[in-house]
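> sequence and predicted structure, then a few things I'm wondering about:
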Amino acid sequence: MKNFLFWLLCLLIGPSVAAQQNFTLSGTIQDETTNETLIGASVYIVETKASVPTNEYGFFSITLPAGTYTIKISYVGFSDFSETVVLDKNLRKKIAMAGTSQELNEVVIESDTKRANIRKPEMSVNKLTVAEIKRMPVVLGETDVLKSILQLPGVTNAGEGASGFNVRGGAADQNLILLDEATIYNSSHLFGFFSVFNSDAIKDLKLYKGGIPARFGGRVSSVLDIYQREGNSKEFHASGGIGLISSRLLAEGPITKDRGSFLVAGRASYAHLFLKLTDNDNSAYFYDLNAKLSYQLNDNNRMYVSGYFGRDKFDISDSFKNTYGNTVLNLRWNHLFSEKLFTNVSMIYSDYYYGLQLDFLGFNWDSGIKNFNFKYDFKHYLSNNFKLFYGLNAIYYDFNPGEITPSGAESGINARQLEQKYAFEPALYLEAEQSIGKKITVNYGLRYSLFYRMGSQTMNLYANDQPVSFNQQLQIYEKATPIGTQSYGRGETIADFNNLEPRASIAFEINDDQSVKASYNRMAQYLHLISNTSSPTPLDVWAPSDNYLKPQLLNQYALGYFRNFKDDAYSLEAEVYYKTLKNRLDYIDGADLIANDAIEQVVLPGKSRAYGFELLVRKNKGKLNGWVSYTLSRSEQQTPGRNASEPGINNGGWYKSGYDKLHNLAVTASYELSKKWTFGANFALQSGQPVTYPKGYYEFQGVLVPSYGLRNEDRLPAYHHLDISATYIPTRGKAELAEGKSDKKKGWQSEWVFSIYNLYNRMNSASISFRQNEDTGRNEAVRLSIFGVIPSVTYNFKF
């Protein structure tokens, strides 16, 4: 038995454990000018060719036999760092890397760094640097994180002015959006024109489309994991930008030099002020605030406090006012138990609020969702060949479906509160990353999630537990009449669910420049976004799973080929995927979703599937760089009848979901003409969004009434646009050059960004409606377009 355990240990953590004494090299990688930790920096050991990336807090750990080693550290935008170390005991280092004075497209990355990406069992993942995002042309001059990820394969949205995004044919509510680990429920400002993420405050962005690690859960389509910057702990700096309709300002500096830092960033739009000058009483504007405090207590402990607050205001002549936005607060504690065991504890509060003030109707409407999240994560670096990640998290939800209050004494409206809903979602996970020989690396794990739908609430009861009935005479689905109710007390369980969610991915390294990868993940989603639009709107309501709304369950499979060319000057990623989803809700014809206290009466459970091919080709070096992405995909849904006498939706057959985009092509390019001028361009081409057009009309009492065909069997016209930008950096003065300030790290720095969105003025269709022409009496189609050509200019500064 002892021999068996010995050989098992050797298999998992390497045979060298029995051959000679090992020691651990660990530490953090930082920016030497700010002390900001660097996420995903590659630590490479020349002698053994072993490599490890830094985690979300800049920490790394690698175990080696006693000896002398050369370590090389690479990170995009920074000069490579190299050092020789003698490892005769456990060694912990704090390594500061120098940023290059070059632009992003001039950074040379060692092939060893790329080799780590080739071998790492991570696929269906895209990472964008803030520098890449800021080089992309944008609408109205505001750098936009969400618009930038639309240039990646497999990512689309419902069109211009649409909020949210869709990944591999999934709905927008199936994306888990995290800001410093806190959930963001609405990711857009001004109904989709801007994102809630201030790019000046963002440090790292990673999008998981598949092969999602076991530490993530709660959504079935993707994870957008965003981390905020920590602030400069060496010296005070400020930066900002002034645009045509919005501006921003960021301040950062040390609390205690080299130990603690703060960062505060704010944005606001002011286009509504120009409307006031024209006697226009309507207005729409937003503002948001990012803040973060970081403090290193000692070598083993660091604390973080971060938060975000954002609000959108929209009103029409003071008779209609709309306010909505997110609030998040996060307290985190990093602790090192040893050189091999890193832990993080997080306590997180997230809140999404939506309010309407309807003075012309005499009432106000408030709704929202809150959650309280506790997380405890462990990263255990057992050896170079075997790492364990495990932890737990527990989320308590408080749903407010809606509250109506009279807006004044003369209102005549009675106050009404739709019953609030509560839920509790705990989960445990275990994940392992293991190297098997020199060619194979695997990542496998298991997440066990539970969900408790809790009272207090009074639930409707229905005949045969069917809240939707089918009218055989009219051949339509209708709301069922409750046959009774059942009341549950506060904290009493109404319904409960549990799911095992296995995850696995594998990478086979063909050689240093190419590999094949495969992945599988199963995920459960217990929340539903109640909406019948293709993109989220602020009025949409989140609802928990219960006796009638079952959790969504996903299975996804992916296979990919990855290759680097010409000393990593070019890279290629090609993937195919297939995924199926159970319990996807669809809405009966004529469903009323607003202020509906019995939403189960207008939805039917169905299933969906999506499959496709994704291609990403990058140019990584030289004055001209960028990428081309293409996706060929299909997203379909099916809602069959519950028995032989019911037709279901679309006669029970498969039909295109609202997120189906057969073709999706995106081209992104950046060209550095000189130290003063850099140019950028984006091109996007997508298939039109599925829609349902009327197939005919019938006359009723002199009015033409449209008769619609099958759901989503038509499409809007193809969506495409070309955007360009130019960035100009003014020449510095001779005195500054003489003082050695030409590296752009001292004194006042500035740049002008000129951009044109939709260069050739393509009038893309946001929707097409049909009406009867009052003059001719003939039917006509009317196209609604959001944007034409939009020029903009922004002045950015830093000091």
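That came in fine, so what should we check first? Owing to the predicted nature of the structure, the values given are computational and were not obtained by experimental measurement.
> where does the prediction get shaky in this protein?
1-20, 100-116, 139, 161, 274-280, 318, 409, 532-540, 731-746 (pLDDT under 70).
> which one's the longest strand in it?
In the chain, assigned by DSSP state E, the strand with the most residues is strand 386-406.
> so what strands line up beside the following helix or strand past it?
Downstream of strand 386-406, the next assigned helix or strand under DSSP states H and E is strand 416-417. Strand pairing for strand 416-417, using DSSP bridges, gives strand 386-406 (antiparallel).
> how about the strand it pairs with as CSV, C-alpha atoms only?
Taking C-alpha atoms only, strand 386-406 is exported to CSV below (Å, rounded to 0.1, in the frame of the first residue of the first chain):
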residue,chain,number,x,y,z
PHE,A,386,0.1,19.6,-10.5
LYS,A,387,-1.9,22.6,-9.1
LEU,A,388,-5.1,22.6,-7.2
PHE,A,389,-7.7,25.3,-7.0
TYR,A,390,-10.6,24.9,-4.7
GLY,A,391,-13.1,27.0,-2.7
LEU,A,392,-16.6,27.9,-1.9
ASN,A,393,-19.1,30.8,-2.4
ALA,A,394,-22.5,31.6,-1.2
ILE,A,395,-24.9,34.2,-2.7
TYR,A,396,-28.1,35.5,-1.1
TYR,A,397,-30.5,37.2,-3.5
ASP,A,398,-33.2,39.8,-2.8
PHE,A,399,-35.5,40.4,-5.8
ASN,A,400,-37.8,43.3,-6.0
PRO,A,401,-40.1,42.6,-9.0
GLY,A,402,-41.8,46.0,-8.7
GLU,A,403,-43.3,48.5,-6.3
ILE,A,404,-45.9,51.1,-7.2
THR,A,405,-46.3,54.2,-5.1
PRO,A,406,-48.6,57.3,-5.8
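> distance between it and the chain's centre?
Centroid separation for strand 386-406 versus its chain: 17 Å, with CA atoms, centre = their mean, to the nearest Å.
> buried set for it?
Neighbour-count burial for strand 386-406, counted by 16 or more other CB atoms under 10 Å, picks out 386-391, 393, 395-397, 399-404. For every residue, glycine as well, the C-beta is placed using N, CA and C.
> what's the closest of the residues you listed to F683?
Nearest to F683 among these is F389, at 39.2 Å by CB to CB.
> my guess is that closest one meets L382, correct?
No: assessed by CB atoms under 8 Å, F389 is found out of contact with L382, at 11.0 Å.
> R219: how many residues sit nearby?
R219 has 25 neighbours, counted by other CB atoms under 10 Å.
> settle this for me: it is touching Q525, isn't it.
Yes: R219 is within contact range of Q525, at 5.4 Å (criterion: CB under 8 Å).
> now do the shared contacts for the two.
Q174 (CB atoms under 8 Å, 6 or more residues apart in numbering).
> quick check: N464 is in a strand.
No: counting by DSSP: H, G, I helix; E, B strand; the rest coil, N464 is located in no strand; its state is helix.
> and the gap between it and R642?
9 Å (CB to CB, to the nearest Å).
> so for these two, which sits in the more crowded spot?
Higher neighbour count among N464 and R642: R642, with 14 against 9, using other CB under 10 Å.
> not counting sequence-adjacent ones, nearest residue to K479?
Nearest-residue entry for K479: Q601, 4.0 Å, with adjacent residues in sequence omitted and distances by CB to CB, 6 or more residues apart in numbering.
> good, we can wrap up now.
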